[in-house]
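[1] Predicted model and sequence below, questions to follow.
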Amino acid sequence: MIKSPVKPDKLSPDKLSWVTINLYIYMALCILLLLGALAGGALTSVILGATGTTDEESLIGIILGVVFGIGGIIVGAIGTVLHFLAARGLQQGKRWGWVLSLILTIFNLITCLGSLIFALPAVLGLIGLFDRDVQDYTQG
């Protein structure tokens, strides 16, 4: 018999979607970071490689572009996986999902303070995380 990942004895709270949708929005932004890192790394390699006056400078420009691209891919992949795990853990009523969601939401809020459009989901996520029903749901 297949077990459902959602706790059958508990109904999920209404404000749980405030948090999970927030996590999925930022997960999508991390995926865009992955795609941007691929394109940006290649573009940086081409630009810096072409502006080098010697072969050594061109090689350094290509290496820098590859390093920036790989760094962006690693950060984007880690962010994507962490946001997905937090959303799944929270949907399943796990306490670690709540803690990870809180940490990621605070990081998202800090990084998006310059833009109110991107900070709004983080604020709504924090409101949802501190809702009494959501906290009770994840107590285990």
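    Yes, it's here.

[2] Pull up the gap between the residue located most distally from the centre of the chain and residue 62, please.
    Centroid-distance maximum for the chain: residue 54 at 39.8 Å, with Cα atoms, centre = their mean. For residue 54, the distance to residue 62 equals 13 Å [Cβ to Cβ, to the nearest Å]. Any C-beta I mention is one placed from the backbone N, CA and C, and that applies to glycine too.

[3] Residue 80 too?
    Taken as Cβ to Cβ, the span from residue 80 to residue 62 is 27 Å.

[4] in what helix or strand does residue 37 lie?
    Using DSSP states H and E, the element containing residue 37 is helix 16-51.

[5] Going by neighbour count, which residues of the next helix or strand after that helix are buried?
    Taking DSSP H and E as the definition, the helix or strand that follows helix 16-51 towards the C-terminus is helix 55-91. Neighbour-count burial for helix 55-91 flags 58, 61-62, 65, 68-69, 72-73, 76, 79-80, 82-83, 85-87, 89-91 (criterion: 16 or more other Cβ atoms under 10 Å).

[6] after helix 55-91 comes which helix or strand?
    If you walk from helix 55-91 toward the C-terminus, the next helix or strand you reach (DSSP H and E) is helix 95-111.

[7] Name the residues of the following helix or strand past that next one that are buried.
    From helix 95-111 onward toward the C-terminus, using DSSP H and E, the following helix or strand is helix 116-129. Of all the residues in helix 116-129, those buried under the rule 16+ other Cβ under 10 Å are 118, 119, 121, 122, 123, 124, 125, 126, 128, 129.

[8] distance of the residue lying closest to the third one once chain neighbours are set aside from residue 64?
    With sequence-adjacent residues excluded and distances taken as Cβ to Cβ, 6 or more residues apart in numbering, residue 121 is closest to residue 22, at 4.3 Å. If you measure residue 22 against residue 64 using Cβ to Cβ, the figure is 34 Å.

[9] helices and strands around the helix or strand bottoming out on mean pLDDT in the chain, which ones?
    Ranking every helix and strand in the chain by mean pLDDT, DSSP states H and E puts helix 116-129 at the bottom, with a mean of 83. With contacts defined as 3 or more Cβ pairs under 8 Å, 6 or more residues apart in numbering; DSSP states H and E, helix 116-129 has these neighbours: helix 16-51, helix 95-111.
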